[in-house]
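Chemist: no sequence on this one, just coordinates:
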């Protein structure tokens with residue numbers, strides 16, 4: 001019995017050793033997960049992109065803005081010239097926080113009754129909560145400083161704070177996490193379906209020996225490729241529709257934008273992920289290999305794209321990686337349409353990298369698929 005058991009164990013080890021790709025992936029993926037969690041994930045969000053509409057231009061306003069940046073929670077990156085421009089910057093995602101300083105800010109501050117409007121993009125509750133807490137703390141600190149200066153270091157407990165930050169949360173005022181996460185899961189579902197299903201369908205044909213039969217049949221190569229793509233594409237759209245229905249009727253996610261626009265722009269994203277699936281199938285010889293490679297491409301996108309954790313809280317290196325992940329831009333498209341109701345005039349900066357990625361990857365995948373058939 002011992003010799004038979006030893007023989008089976010030895011055979012399995014030899015088979016595992018021969019499948020070098022599967023062994024490498026099995027050892028590498030857990031290490032990659034630990035690396036990503038330990039290095040990139042950070043819920044303490046700082047350096048939030050901020051836009052300012054300063055109608056005062058006074059020394060007091062500049063002092064306030066300096067204190068804002070010195071807190072390290074806000075990065076003033078845009079200067080608006082009107083309320084409308086400030087709204088546009090937040091709608092387009094160019095700023096997560098908007099600050100409106102009134103024209104008579106200096107006079108209000110002298111009377112100890114100054115108020116500043118702080119508008120926060122609450123589509124991401126983690127970023128919004130961090131910004132709101134930081135703004136509230138900053139207002140309290142500045143108020144204490146002003147009172148100390150004007151009363152010679154003696155602060156009366158009953159005296160009202162001279163500076164009031166009136167915080168307004170847009171798009172998700174109740175800071176419900178589901179409203180942020182559920183629309184993003186649509187992108188994750190589309191990515192998983194198109195990459196995994198496409199890769200497995202081609203590899204399974206190769207394992208069964210039916211791919212060679214299709215090659216020698218009268219069917220043309222582009223027809224074979226299109227025949228593989230269309231069912232996976234329709235399945236992905238079906239999943240997307242079911243996800244939207246569940247998001248709206250179960251999780252109360254508002255759908256404020258055009259669904260036609262969302263479905264159309266989703267095609268740009270899926271062309272790239274379908275191309276990744278074809279490339280994965282070309283690098284795999286077995287279905288388990290294809291599944292592991294698909295999971296490896298899927299893993300960085302889930303944790304570094306802003307799906308679950310805010311990109312603003314990640315270290316600079318992780319933010320650079322996020323900038324080359326297509327899901328990062330598709331999530332902005334989904335959340336922009338579903339939660340904000342914006343159109344192409346605000347979304348087009350995200351469409352350029354999606355289109356470039358889709359065109360390059362899909363072209364490489366088609367060329368690789370043709371070479372494989374040859």
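Modeler: All right, it came through fine. Not measured: the values here are computed from a predicted model.
Chemist: phi, psi of residue 122?
Modeler: Main-chain torsions, residue 122, degrees, to the nearest 10: phi -90, psi 20.
Chemist: Please name the residues that touch it.
Modeler: Contact partners of residue 122, counting by CB atoms under 8 Å, 6 or more residues apart in numbering, are 128, 169, 170, 171, 172, 173, 175. Glycine gets a C-beta too; all of them are placed from N, C-alpha and C.
Chemist: and if you look at residue 63?
Modeler: If you count contacts by CB under 8 Å, 6+ apart, residue 63 has none.
Chemist: Which pLDDT value goes with it?
Modeler: For residue 63, the pLDDT comes out at 88.
Chemist: Residue 329 and residue 247, how far apart?
Modeler: As judged by CB to CB, to the nearest Å, residue 329 and residue 247 stand 20 Å apart.
Chemist: Between those two, which is the more surrounded one?
Modeler: More crowded of residue 329 and residue 247, by other CB atoms under 10 Å: residue 329, with 24 against 21.
Chemist: Secondary structure element for the residue nearest to the more buried one when sequence neighbours are not counted, which one?
Modeler: In space, and not counting its chain neighbours, residue 329 is closest to residue 350: 4.1 Å by CB to CB, 6 or more residues apart in numbering. Assigned by DSSP states H and E, residue 350 belongs to helix 344-373.
Chemist: and that helix, how far out from the chain's middle?
Modeler: Put simply, helix 344-373 sits 19 Å off its chain's centre (CA atoms, centre = their mean, to the nearest Å).
Chemist: If you count contacts, what does that helix end up packed against?
Modeler: For helix 344-373, the contact count by 3 or more CB pairs under 8 Å, 6 or more residues apart in numbering; DSSP states H and E identifies helix 221-249, helix 259-283, helix 326-335 as packing neighbours.
Chemist: weakest of those helices in terms of mean pLDDT?
Modeler: Across these, helix 221-249 has the smallest mean pLDDT, namely a mean of 86.
Chemist: how about residue 172, secondary structure?
Modeler: coil (DSSP: H, G, I helix; E, B strand; the rest coil).
Chemist: Just to check, it is in contact with residue 179?
Modeler: Yes - using CB atoms under 8 Å, residue 172 is in contact with residue 179, at 5.0 Å.
Chemist: Next, show the common contact partners of the two.
Modeler: Common contact partners of residue 172 and residue 179 (CB under 8 Å, 6+ apart): 123, 339.
Chemist: what's the angle from the helix holding residue 350 to helix 259-283?
Modeler: 30 degrees (axes from the mean of the first three to the mean of the last three CA atoms, to 10 degrees).
Chemist: what's the model's confidence in helix 344-373, averaged?
Modeler: Mean per-residue pLDDT for helix 344-373: 85.
Chemist: before we move on, back to that, for the helices and strands packed on helix 344-373, give me JSON lines that also has distance to residue 110.
Modeler: Below are the helices and strands packed on helix 344-373 laid out as JSON lines (distance: least, CB to CB, whole Å):
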{"stretch": "helix 221-249", "distance to residue 110": "50"}
{"stretch": "helix 259-283", "distance to residue 110": "50"}
{"stretch": "helix 326-335", "distance to residue 110": "42"}
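Chemist: Spit out the contact partners of the closest residue to residue 189 other than its chain neighbours.
Modeler: Residue nearest to residue 189 in three dimensions, not counting chain neighbours: residue 239, with 5.1 Å by CB to CB, 6+ apart. Residues in contact with residue 239 (CB under 8 Å, 6+ apart) are 189, 190, 193.
Chemist: Using the three-state scheme, assign the residue most central in space within the chain.
Modeler: The centroid of the chain falls nearest to residue 306 when counting by CA atoms, centre = their mean (3.0 Å). Following three-state DSSP, residue 306 is assigned to coil.
Chemist: cool, the one 3 residues further on as well?
Modeler: The three-state assignment at residue 309 reads coil, by three-state DSSP.
Chemist: Tell me who's in contact with the closest residue to residue 259 other than its chain neighbours.
Modeler: Nearest residue to residue 259, sequence neighbours excluded (CB to CB, 6+ apart): residue 244, at 7.4 Å. Contacts for residue 244 were tallied using CB under 8 Å, 6+ apart; they are 186, 255, 259, 338.
Chemist: Roughly how far does the closest residue to residue 304 other than its chain neighbours sit from residue 88?
Modeler: When the adjacent residues along the chain are set aside, residue 304 lies closest to residue 322, with 4.8 Å between them (CB to CB, 6+ apart). Counting by CB to CB, the gap between residue 322 and residue 88 amounts to 24 Å.
Chemist: before we move on, what about residue 347?
Modeler: 13 Å.
Chemist: what about residue 86, how many neighbours?
Modeler: Neighbours of residue 86 using other CB under 10 Å come to 22.
Chemist: That one contacts residue 51, doesn't it?
Modeler: Yes - here residue 86 reaches residue 51: they are 5.7 Å apart, a contact under CB under 8 Å.
Chemist: tell me the domain boundaries of the protein?
Modeler: As assigned by automatic domain parsing, the chain contains the domains 48-170, 176-373.
Chemist: do you know which of these lies nearest residue 28?
Modeler: The closest of those to residue 28 is domain 176-373. By CB to CB, the value is 7.6 Å.
Chemist: gap between the closest one and the chain center?
Modeler: 13 Å.
Chemist: next one: stretch 165-176
Modeler: Distance of stretch 165-176 from its chain centroid, counting by CA atoms, centre = their mean, is 20 Å.
Chemist: ok, and what's touching it?
Modeler: Applying CB under 8 Å, 6+ apart, the set of residues contacting stretch 165-176 from outside is 90, 115-123, 125, 128-129, 132, 135-136, 138-139, 179-180, 252, 339-340.
Chemist: Select only the buried ones of those residues in ChimeraX?
Modeler: Entered in ChimeraX, the line below selects the buried ones among the contacts of stretch 165-176, by 16 or more other CB atoms under 10 Å:
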select :90,115,116,117,118,119,120,121,122,123,125,128,129,132,135,138,139,179,180,339,340
